[in-house]
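S.K.: turn this into a model:
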Amino acid sequence: MREVIGKRVLTVAALVAMAAILSAHGATHSLKALIDAVVKDGLDARLPAHLSVVLGVAAVEQKTAVKQAVIHDGHTVRTFNVCVTNHDDVVILTHNDQSRATKAYLVSAAGELRKAVSYQPGAPANERTLADARSDFSGELKFWTEYQRTAAKSK
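M.R.: Next comes the predicted model:
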């Protein structure tokens with residue numbers, strides 16, 4: 001009997017540990033509700049042509065039509081952009097007004113990080129490895145999922 005209980009405790013502990021590991025390694029969070037809200041109520045905007053190509057949301061260098069949510073927080077401007085032609089292409093941008101640095105993340109509707117770049121005005125975009133981008137991306141994902149929860153509660 002003790003052996004069975006011990007195995008169950010180990011199984012539960014293993015599942016808890018697995019959940020923590022998946023969370024730490026950027027397990028995906030569905031963004032569908034936020035995407036739907038932004039498509040319905042967001043601002044009409046366009047992603048810059050070069051960024052569109054670098055991230056892979058456009059095959060040729062042209063601006064990409066998006067629906068957009070914008071949040072200003074001190075010196076930080078965050079935008080959540082849903083591509084009009086493909087709602088599974090979401091571009092999250094974080095811009096620092098002081099340093100003028102921007103980080104961009106191409107994300108699926110399921111919250112999966114596909115590509116990340118950083119750039120300064122007038123300079124080419126630098127592609128980042130997903131491993132390098134994962135920690136600051138997880139902060140952005142948390143910001144937008146919390147924003148989604150807060151917005152849903154206020155309705």
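
S.K.: every contact and neighbour count from this point should use C-alpha atoms.
M.R.: Fine.

S.K.: which elements pack onto the host helix or strand of R134?
M.R.: According to DSSP states H and E, R134 maps onto helix 130-153. Packing partners of helix 130-153 (3 or more Cα pairs under 8 Å, 6 or more residues apart in numbering; DSSP states H and E): helix 32-41, strand 113-119.

S.K.: got these as CSV, with distance to R78, mean pLDDT and mean neighbour count columns?
M.R.: Converted to CSV, the helices and strands packed on helix 130-153 look like this (distance: least, Cα to Cα, whole Å; pLDDT from 0 to 100; neighbours: other Cα atoms under 10 Å):
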stretch, distance to R78, mean pLDDT, mean neighbour count
helix 32-41, 14, 95, 17
strand 113-119, 14, 96, 20
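
S.K.: okay, the ones you listed in TSV with distance to D132 next?
M.R.: TSV is the format used below for those (distance: least, Cα to Cα, whole Å):
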stretch	distance to D132
helix 32-41	26
strand 113-119	9
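
S.K.: any buried residues in the helix holding R134, and which?
M.R.: Using 16 or more other Cα atoms under 10 Å as the test for burial, helix 130-153 gives 133-134, 137-138, 140-141, 144-145, 148.

S.K.: residue contacts, A133?
M.R.: Residues in contact with A133 (Cα atoms under 8 Å, 6 or more residues apart in numbering) are A116.

S.K.: and it, how far is that from V117?
M.R.: According to Cα to Cα, to the nearest Å, A133 and V117 sit 8 Å apart.

S.K.: and if you look at K32?
M.R.: Going from K32 to V117 by Cα to Cα gives 23 Å.

S.K.: the residue nearest to A116 when sequence neighbours are not counted sits in which helix or strand?
M.R.: Distances taken as Cα to Cα, 6 or more residues apart in numbering place Y105 nearest to A116, at 4.5 Å, with adjacent residues excluded. Secondary structure assignment for Y105, by DSSP H and E: strand 102-107.

S.K.: sounds good, over and out.
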